[in-house]
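# below are the sequence and a predicted model for it; my questions follow.
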Amino acid sequence: MSSASDKAAIEIRSVSRIYGSGQDKVTALDGIFLKIRENEFFTLLGPSGCGKTTLLRLIAGFDFPTTGEILLHGEDIAPLPPFKRPVNTVFQSYALFPHMSVADNIGFGLKMLGKPKAEVEARVAEMLDLVHMTQMRDRQVSQISGGQQQRVALARALAPKPKVLLLDEPLSALDYKLRKEMQIELKRVQAETGITFIFVTHDQEEALTMSDRIAVMSSGSLRQVGSPWDIYDRPAERFVADFIGETNFLEVEVASVTGDRASVRLRSGREIPATLPDNTTPTGKVTIVIRPEHAAIVDPTDEATLQGSIESVVYLGTDTNINVRLEGGSLFTVRQQNSRSGSCGLVEGQHVGIMVSHDVAQILRD
């Protein structure tokens, strides 16, 4: 299996995309700088309208940047039309030919490129094996399931051996269980082929599950780029922390800073350590983020980091969320894994303490 290298497959340099002019001017992308590595599963993540699909379209050649450069292995491809770029796209709608067989759909692009028949047949067989569809090669695509159609679309896009594969929310039409299965399949195929995948989604869990790195986008700009662990456990700003999973925000005051760590003072006067975002030295009042699973319910003694009263207990199957109204008035959620014994033994109105581990609080940029 291949793994990502430090060499850039795609490099985005100061790319902007502006539509319209005057009062009708819309900035879809605003000065994007981004480097996507060879053999990397890279995800563009953000809400609808954040610019992620626009950026994918610029890489594909379906649209052109207003300013900036797009480099593929060091060559500027921004002026090139789609058919001259060694890039292929898997669309949300798959765009398969319903009157053709699975094999014919996969080989269609190769035939249009004028490849010899023997080469087309060999490559189709290779792709069928890659996506585990060999036994269905002669089926009409109208006779196979949504998940199987997704595999055919993937195989067709990979058949011409693109240097980069773009995937525009290709799993969004699938049901939850099938979507989870296809996440694993896509990650497997990317690792086996060694092709750079650039995946667009608004689904946070999907991004965390599949990606080597994630770029979180909002309002046409990049907010943070990092590994799934970085994005989830070390969010740099409030938008990222709030968009990725559930979280708790607490207003605190910086007591001292040493290296990449700070001591912050809670409203109770208690001090706890917190990690700093890169290139940030905060002072005064700041916001920290603590994930619900990084805290625990304890007895309300002086040893507890926080104290409050339980407002609700929500059973989620694998976990239970305990929502606690803190003494300062804010709401804090603790998530604990359920056991076979059933009830967690906590009730609404109960006064409890909350213990926060020493390495989980993260200071956010303003």
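Happy to help now that I have it. Numbering: from 1, shown residues only.

# rest of the way, CA atoms for contacts and neighbours
Will do.

# near Thr320, how many other residues are there?
Residues lying near Thr320 (other Cα atoms under 10 Å) number 18.

# next, it: phi, psi?
Dihedral pair for Thr320: phi -130, psi 130, per degrees, to the nearest 10.

# check the gap between it and Cys344 for me.
The gap separating Thr320 from Cys344 is 8 Å, by Cα to Cα, to the nearest Å.

# one more: Asp319?
10 Å.

# list the residues that contact both of the two?
Asn338 (Cα atoms under 8 Å, 6 or more residues apart in numbering).

# show me what contacts the nearest residue to Phe97 once chain neighbours are set aside?
Excluding the flanking residues, the one nearest Phe97 by Cα to Cα, 6 or more residues apart in numbering is Asn105, at 6.5 Å. Contacts for Asn105 (Cα under 8 Å, 6+ apart) come out as Leu96, Phe97, Val152, Arg156.

# so Asn105, which of the three states?
helix (DSSP: H, G, I helix; E, B strand; the rest coil).

# next, count neighbours for Lys177.
8.

# oops, could you answer that again for Met217 instead?
Using other Cα under 10 Å, Met217 is surrounded by 24 other residues.

# check it and give its pLDDT.
At Met217, the model reports a pLDDT of 97.

# I'd say Asp203 and Ser48 touch.
No. Asp203 lies out of contact with Ser48 (Cα atoms under 8 Å); the separation is 10.6 Å.

# which helix runs longest in this protein?
The longest helix of the chain (DSSP state H) is helix 176-193.

# just to revisit the earlier point, most neighbours out of the contacts of Asn105, which is it?
Arg156 (28 neighbours).

# ignoring the adjacent residues along the chain, who's closest to that one?
Ile106 (4.0 Å).

# next, count neighbours for that neighbour.
Using other Cα under 10 Å, Ile106 has 30 other residues around it.

# list the buried residues of the helix or strand that Arg17 is a member of.
Counting by DSSP states H and E, the element that carries Arg17 is strand 8-19. Going by neighbour count (16 or more other Cα atoms under 10 Å), the buried part of strand 8-19 is Ala8, Ala9, Ile10, Glu11, Ile12, Arg13, Ser14, Val15, Ser16, Arg17.

# touching it from outside, list them.
Residues from elsewhere that reach strand 8-19, judged by Cα under 8 Å, 6+ apart: 25-38, 64-74, 164, 196.

# now the strands for the stretch 51-200 of the chain?
Under the criterion DSSP state E, counting those that start in this stretch, the stretch 51-200 of the chain contains strands at 67-72, 75-76, 87-90, 164-168, 196-201.

# tell me which of those lies nearest to Ser21.
strand 67-72 (14.8 Å; Cα to Cα).

# strands paired with that closest one, and their directions?
The strands beside strand 67-72 in its sheet (DSSP bridges) come out as strand 8-19 (antiparallel), strand 75-76 (antiparallel).

# after the first one, next one along is what?
Using DSSP H and E, the helix or strand that follows strand 8-19 in sequence is strand 26-37.

# now do the shared contacts for Thr320 and Cys344.
With Cα under 8 Å, 6+ apart, Thr320 and Cys344 have common neighbours Asn338.

# thinking again about what came up before, show me what the longest helix of the chain is packed up against.
Helix 176-193 sits against helix 204-210, with contacts defined as 3 or more Cα pairs under 8 Å, 6 or more residues apart in numbering; DSSP states H and E.

# just to revisit the earlier point, could I get the strands of the stretch 51-200 of the chain as a markdown table with mean neighbour count?
Shown next, in a markdown table, are the strands of the stretch 51-200 of the chain (neighbours: other Cα atoms under 10 Å):
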| stretch | mean neighbour count |
| --- | --- |
| strand 67-72 | 20 |
| strand 75-76 | 13 |
| strand 87-90 | 23 |
| strand 164-168 | 23 |
| strand 196-201 | 24 |
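
# would you reformat these as CSV and include distance to Asp129?
Output for the strands of the stretch 51-200 of the chain, formatted as CSV (distance: least, Cα to Cα, whole Å):
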stretch, distance to Asp129
strand 67-72, 29
strand 75-76, 33
strand 87-90, 19
strand 164-168, 19
strand 196-201, 19
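
# Phe42 is nearest to which of those?
Nearest to Phe42 among these is strand 196-201; the distance by Cα to Cα comes to 4.9 Å.

# what mean pLDDT does the closest one have?
Mean predicted lDDT for strand 196-201 stands at 96.

# give me the pLDDT for the nearest residue to Ala207 once chain neighbours are set aside.
The shortest distance from Ala207 to any non-neighbouring residue, by Cα to Cα, 6+ apart, is to Thr43 (6.3 Å). pLDDT, Thr43: 97.

# residue contacts, Thr43?
Thr43 neighbours (Cα under 8 Å, 6+ apart): Ile198, Phe199, Val200, Thr201, Ala207, Ser211, Arg213, Ile214, Ala215.

# in its sheet, what does the helix or strand containing it sit against?
Using DSSP H and E, Thr43 sits in strand 41-45. When sheet partners are counted by DSSP bridges, strand 41-45 sits next to strand 196-201 (parallel), strand 213-218 (parallel).

# got the angle between it and strand 26-37?
Relative orientation of strand 41-45 versus strand 26-37 (axes from the mean of the first three to the mean of the last three Cα atoms, to 10 degrees): 160 degrees.

# for strand 41-45, the distance to its chain's centre please.
A distance of 5 Å separates the centroid of the chain from that of strand 41-45, by Cα atoms, centre = their mean, to the nearest Å.

# do stretch 284-293 as well
For stretch 284-293 - counting by Cα atoms, centre = their mean - the centre lies 22 Å from the chain centre.

# stretch 307-315 too?
Relative to where its chain is centred, stretch 307-315 has its mean C-alpha point 30 Å off (Cα atoms, centre = their mean).

# appreciated, that's everything.
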